[in-house]
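Q: Model the following, please.
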Amino acid sequence: MTHLFRTLTWSVCFLFPLGLTTVSAQDQSSQPPAPPTAPARDLSTSELQIYRDYERFEKSLFDVAEQLRRKDPERAELLYRARSQSQEQNILSQMQTISELLRSTSATGATVDPQFGPAADHQKEVLTRMKAVLRLLQSQDERERVTAEIARIQELLKDTNKIIARQKDVRADTQRSKEPQKSRDAQQRVADEAKKLSQKIEQQDEDRAQSEQPSSSPSATPENQNSPERPSDPSDSPQDSNKSDSPESQNKKSDSKSGDPQKGQKSGEQKSGDQKPSDQQGQSSPEQSQPGQQQQGQKQDQQQKGADQQKKPQQSPPEDSRKTPGREQLEQAREEMQQAIEKLEKQEKEQAVENQDQAVNRLEELKAQLEEILRQLREDERESYLTMLEARFQNMLKRQQHINTETVRIDKIEAGSRSQQNFASQADTLRKEQDDNALEAAKALHLLKEEGSSVAFPEAVQQMHQNMLLVVSRLSRQETGSTTQVVEQLIADTLNEMIAALRDELQKQQEQKQQGQQGGQGEPQDPTLVNQIAELKLIRSLQNQINVLTQQIGTEVVTDSGRTPEQLHLLQDLRVRQERLQEATYDLSVGRNQ
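A: Numbers count the residues shown, from 1 in each chain. This is a model prediction of the structure:
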């Protein structure tokens, strides 16, 4: 099942280059046309092919979600939300519009001018919406990966701080002590701890490299290998396979197999460049070679390079990309520690102190790099969390709007004809839908409490959940009047406000990434879910909801003796809500969530 989910993710990744190709072709079409040498690409047909591919992708989202519904309900729910978001964004209809704009012939067969400018604008918008769907699909796996990486970096940062503190203590003891041998033993213990940390980081990097190698590229999946859109490998054709068996290609293969592939390639290039004409075994020099032979050799080199480039995604990522930043500084610190030990053995205390100072500086640089990594990881975790919550609330809002509309519709049915139109059955159907939405709210509340950085959001979801349960209770008694409709509208308003706050935070985070803003110095703190202004706005909205419900109950109660048990229960619930909201406002004012 996990393989199916990853296949869907790679599918939408695969559709991005197709859309970008269409945009690129549209941009080139806006330039002055060159003399025609071949028929121009039919961009309308290409766009229709992308439309059909994406249509199959949307269907696959539902099919895989149905298969995962029992075994992995959380992942299935994510697929349902991704499909719902894709449909709400009208991606398929946008693609149809683009295809119409790119048509060069009308329905009657007449020649028309394609509208490349509007088509390019629509295409960029479609790519943005597809990117949002992809980000949602990757949110769960990305969040799990980032969480594990944060824990790893935090542990390394903790070890680094311990080594820095002990190195500073050794330096102070070296300045005060009159026995360098004693300081030497203390310095050796710190050097041993630094060595253990270096070995720990090296082992972690090796483990990460091995875990990332099987799924380093989408081209490694069988679906992409058999894809008709995949560029053909020159080595797959019979002619190129014969060329690959030539002595030159065999020498290249033998060089790449021995040792490091990059080193083998470089050494092979140096040998071929330094080889004398007499050592080339009958091969003619560039000056004496025929033009046809030169073209054949250049074509063979280009084909070999193309094959190498297509093989690169299937290989493991470069080793440096998997190394934890700061390893060089740690090794430099260890070298300075070793030099300090040697100076202490020679009774050169002042020189040893200089090496110890340098070791502290290198360790501080390592700490700074780890803190920067931790800050970036926490930002990525926050972005993934915001994306997941926004998609969940969007799905809940769509369902709630349907409930609200249907409640108003069936409430307009006259009392005398309600039994004839199955009023009770329709109200019960809405009750079940509202109950399902209340279950989604309970899940969201659990996630927000687990995240723990927001004050207003958990309170808003909790009050929304209580409002949903109130609607469920009233619909079970077939009460679809004004009070039920007011509560349902408050639920929709809460969802709209939370979605708006999440979108604002996502937009701000994207702008900060584009501008390359850096965090403050020192160990980074966990970023809050939303900023304080958004929290205050949500608290104000919650207070307004309490006021609206209080006024609504007041319009129903004419006298004290006319209060029903349900109204008394709701008044008691409003009192509890007011107390919780007061407590949340206090927590926000003192920064208890930070």
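Q: pLDDT at the closest residue in space to residue 104 that isn't next to it in sequence, what is it?
A: Spatial nearest neighbour of residue 104, chain neighbours left out: residue 114 (5.5 Å); criterion: C-beta to C-beta, 6 or more residues apart in numbering. No exception for glycine: its C-beta is placed from N, CA and C like everyone else's. The model reports residue 114 with a pLDDT of 84.
Q: can you check residue 203 too?
A: Value for residue 203, per-residue pLDDT: 91.
Q: ditto for residue 549
A: For residue 549, the predicted pLDDT is 87.
Q: Now for it, how many residues are close by?
A: 22 (other C-beta atoms under 10 Å).
Q: neighbours of residue 336, just the number please.
A: 24.
Q: Nearest residue to it in space, please, no chain neighbours.
A: Nearest to residue 336 is residue 359, by C-beta to C-beta, 6+ apart, at 3.9 Å.
Q: Which helix or strand contains the one you found?
A: For residue 359, the element it lies in under DSSP states H and E is helix 349-411.
Q: and whichever helix or strand comes after that helix, what does it pack onto?
A: Remark: after helix 349-411, the chain's next helix or strand is helix 423-451, criterion DSSP H and E. Using 3 or more C-beta pairs under 8 Å, 6 or more residues apart in numbering; DSSP states H and E as the contact criterion, the elements in contact with helix 423-451 are helix 349-411, helix 456-476.
Q: Does anything pack onto the first one? Which helices or strands?
A: Think helix 349-411. By 3+ C-beta pairs under 8 Å, 6+ apart, helix 349-411 packs against helix 73-88, helix 116-176, helix 180-212, helix 327-345, helix 423-451, helix 482-515.
Q: if you set the cut-off to 6 Å instead, what comes out?
A: If contacts are counted by 3 or more C-beta pairs under 6 Å, 6 or more residues apart in numbering; DSSP states H and E, helix 349-411 sits against helix 73-88, helix 116-176, helix 327-345, helix 423-451, helix 482-515.
Q: need those helices in JSON lines with distance to residue 566, can you?
A: Output for the helices and strands packed on helix 349-411, formatted as JSON lines (distance: least, C-beta to C-beta, whole Å):
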{"stretch": "helix 73-88", "distance to residue 566": "33"}
{"stretch": "helix 116-176", "distance to residue 566": "40"}
{"stretch": "helix 327-345", "distance to residue 566": "66"}
{"stretch": "helix 423-451", "distance to residue 566": "16"}
{"stretch": "helix 482-515", "distance to residue 566": "10"}
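Q: Select, out of those, the one closest to residue 384.
A: helix 116-176 (4.5 Å; C-beta to C-beta).
Q: any idea how the protein splits into domains?
A: 1-29+41-104, 381-589 (automatic domain parsing).
Q: So residue 207 versus residue 148, what's the distance?
A: 11 Å (C-beta to C-beta, to the nearest Å).
Q: Correction: the previous question concerned residue 136.
A: 20 Å.
Q: Please say which of these two ends up with more neighbours.
A: residue 136 (24 against 11).
Q: The more buried one touches residue 390, doesn't it?
A: No: if you go by C-beta atoms under 6 Å, residue 136 and residue 390 don't touch, sitting 8.6 Å apart.
Q: Tell me the secondary structure of the residue nearest to residue 104, please.
A: coil (DSSP: H, G, I helix; E, B strand; the rest coil).
Q: so it touches residue 102, yeah?
A: Yes: counting by C-beta under 6 Å, residue 114 does reach residue 102; the two are 4.9 Å apart.
Q: More neighbours: these two, which one.
A: Comparing residue 114 with residue 102 by other C-beta under 10 Å, the one with more neighbours is residue 102, at 27 against 19.
Q: quick one, what contacts the more buried one?
A: 43-44, 47, 114, 119 (C-beta atoms under 6 Å, 6 or more residues apart in numbering).
Q: Farthest-apart pair in those residues, please.
A: Going by C-beta to C-beta, the pair spanning those furthest: 47 and 114, at 10.7 Å.
Q: Below-threshold pLDDT in the stretch 151-300 of the chain: ranges please.
A: 212-300 (pLDDT under 70).
Q: pLDDT weak spots in the stretch 1-150 of the chain?
A: 1-41, 107, 139-140.
Q: now swap in the stretch 401-550 of the chain and tell me
A: If you take pLDDT under 70 as the line, the stretch 401-550 of the chain has these spans: 420-421, 516-528.
Q: What score does the residue nearest to residue 336 have for pLDDT?
A: Reading off the model, residue 359 has pLDDT 94.
Q: Check the one 3 residues further on too.
A: Listed pLDDT for residue 362 reads 95.
Q: Make sure it is actually in contact with residue 333.
A: Yes: Residue 362 is within contact range of residue 333, at 3.7 Å (criterion: C-beta under 6 Å).
Q: between the two, which one's more packed in?
A: residue 333 (31 against 23).
Q: From residue 345, how far out is that one?
A: For residue 333 relative to residue 345 (C-beta to C-beta), the value is 19 Å.
Q: Residue 66 now?
A: From residue 66 to residue 345 the distance is 72 Å (C-beta to C-beta).
Q: Quick check: closest non-adjacent residue to residue 189.
A: Closest to residue 189 by C-beta to C-beta, 6+ apart is residue 166, at 7.8 Å.
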